[in-house]
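Colleague: Need the 3D shape of this:
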Amino acid sequence: MGSIVYRATKDQAVHDELHSVAAFAAVLAHRAIGNRLWFLAQNRSGEHAGRIWIGLTLIDCRNGEVAVKSMDESCGPYYFDCPLAFLDRASPATGPYAGPWREKVREFHANRTAKRAAIRPGLRVSYGEWIYVLRRSLGRRGWDVARESDGLICRLKSRQLGKATVLPFQQKQSQDKHPQEKHP
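Modeller: Numbers count the residues shown, from 1 in each chain. Predicted structure coming up:
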């Protein structure tokens, strides 16, 4: 399995790939996630007519050129961010790789959901050499954070937060432990 390289933009490559698949199958749904194009297709004719399968095209864009590499779930791709809705709509898995790959996709989504649920204001994370405390969510832009050492406020991008290490909860030491006597 090789790659095809030609001059195009990412949008053109997505269009071309979907058009190529549509020559022999009906494209039921598609979603581009980063440099991956996931699609759900149904064979129109042949031995597997009516079978609904999941396809993946890797699209690498550089200097006005794109390199595309296409495969389907029977190859057991090493990418697991396929939309869960595609798994629900696809025909039963065939071959030795599709079934285990689908389980890994479900596991990926379960882990991602659990990790997202654990992220909340006040959570301490370590990223690089620093420890940050999450202050408020900025949606897709990441989180407003405070550096624990000096209180510097900055933004931690979602991608950075995904690579950060979650630290155990640590209560701040109360200054009221040793109250100072007040003198009139």
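Colleague: Name all residues that make contact with Cys154.
Modeller: By CB atoms under 8 Å, 6 or more residues apart in numbering, the contact list for Cys154 reads Asp144, Val145, Arg147. The way it works is simple: take the backbone N, C-alpha and C, and place the C-beta from them, glycine included.
Colleague: Test of understanding: give the bridge partners of it.
Modeller: When assigned by DSSP bridges, Cys154 has beta-bridge partners Val145.
Colleague: What separation do you get for Pro83 and Cys75?
Modeller: Remark: distance between Pro83 and Cys75 (CB to CB, to the nearest Å) = 18 Å.
Colleague: Provide a ChimeraX selection command restricted to the buried entries of the contacts of Cys154.
Modeller: The ChimeraX selection below is limited to those of the contacts of Cys154 classed as buried (16 or more other CB atoms under 10 Å):
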select :145
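Colleague: Could I get the contacts of Cys154 in TSV, plus columns for pLDDT and distance to Ala25?
Modeller: Formatted as TSV, those follow (pLDDT from 0 to 100; distance: CB to CB, whole Å):
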residue	pLDDT	distance to Ala25
Asp144	97	46
Val145	97	46
Arg147	96	52
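Colleague: Report the contact partners of the residue nearest to Cys75 when sequence neighbours are not counted.
Modeller: Spatial nearest neighbour of Cys75, excluding adjacent residues (CB to CB, 6 or more residues apart in numbering): Tyr97 at 6.2 Å. Each residue near Tyr97 by CB under 8 Å, 6+ apart is listed here: Glu73, Ser74, Cys75, Gly76.
Colleague: what's the pLDDT at the second one?
Modeller: Note on Ser74: pLDDT of 93.
Colleague: Could you report the distance from the closest residue to it other than its chain neighbours to Phe80?
Modeller: Distance criterion CB to CB, 6+ apart; nearest residue to Ser74, sequence neighbours excluded, is Gly95 at 4.4 Å. Separation of Gly95 from Phe80 (CB to CB) stands at 17 Å.
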